[in-house]
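Asker: just coords:
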C-alpha cells in the first residue's frame, strides 16, 4: 500500500478535545505521536490535575523516553490555562487570550502583543 495515514486524522494523536478537560493540538514526528496517542495523554494528565504546561512537558518526556520521538503541543484547559511546549529545536506557535496575542518560535520565546479592536 502506497502512502500512510498521519497522526492528524487519528483521534487522540494529533488533536483531541473534551469540554470538561480541555483541548490539545500536536505536531512533530507523526509515528511517535500516534504510538503514544499524545494529545489524549496530555489531556489525561490535565484530568489528573496537572497544569497545561506540566501536562505537556510530562507527556512529551514520556514520548521521548518510550519511542524516542520529538514534538510539541498547544494545550488549553477550560479555565483558560494554556501552554505551548516542545522538545524539537523550533515550533512556531501562537495563541490569543483576552486582549493579547502570544507567540514564539524558540523554547525561550514568549512574545506578547496587544490586539487592537
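Answerer: Noted; the coordinates are in hand. Remember, it's a predicted structure, so these values are computed and weren't measured experimentally. Residues are numbered from 1 along each chain as shown.

Asker: ok, residue 26 to residue 112 distance?
Answerer: According to CB to CB, to the nearest Å, residue 26 and residue 112 sit 24 Å apart. The C-beta positions use only the backbone N, C-alpha and C, and glycine is treated the same way.

Asker: Okay, now the unreliable bits of the protein?
Answerer: 1-4 (pLDDT under 70).

Asker: List the contacts of the residue nearest in space to the middle of it.
Answerer: Ranked by distance to the mean C-alpha position of the chain (CA atoms, centre = their mean), the top residue is residue 73 at 1.7 Å. With contacts defined as CB atoms under 8 Å, 6 or more residues apart in numbering, the neighbours of residue 73 are 24-27, 38-39, 42, 56, 59-60, 83-86.

Asker: Okay, now the sheet partners of whatever helix or strand it lives in, with direction.
Answerer: Applying DSSP states H and E as the criterion places residue 73 in strand 71-76. The strands beside strand 71-76 in its sheet (DSSP bridges) come out as strand 22-28 (antiparallel), strand 82-86 (antiparallel).

Asker: can you put the ones you listed in TSV and add distance to residue 68 and mean neighbour count?
Answerer: What follows is these, written out as TSV (distance: least, CB to CB, whole Å; neighbours: other CB atoms under 10 Å):
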stretch	distance to residue 68	mean neighbour count
strand 22-28	12	22
strand 82-86	15	21
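
Asker: Fine by me, we can end here.
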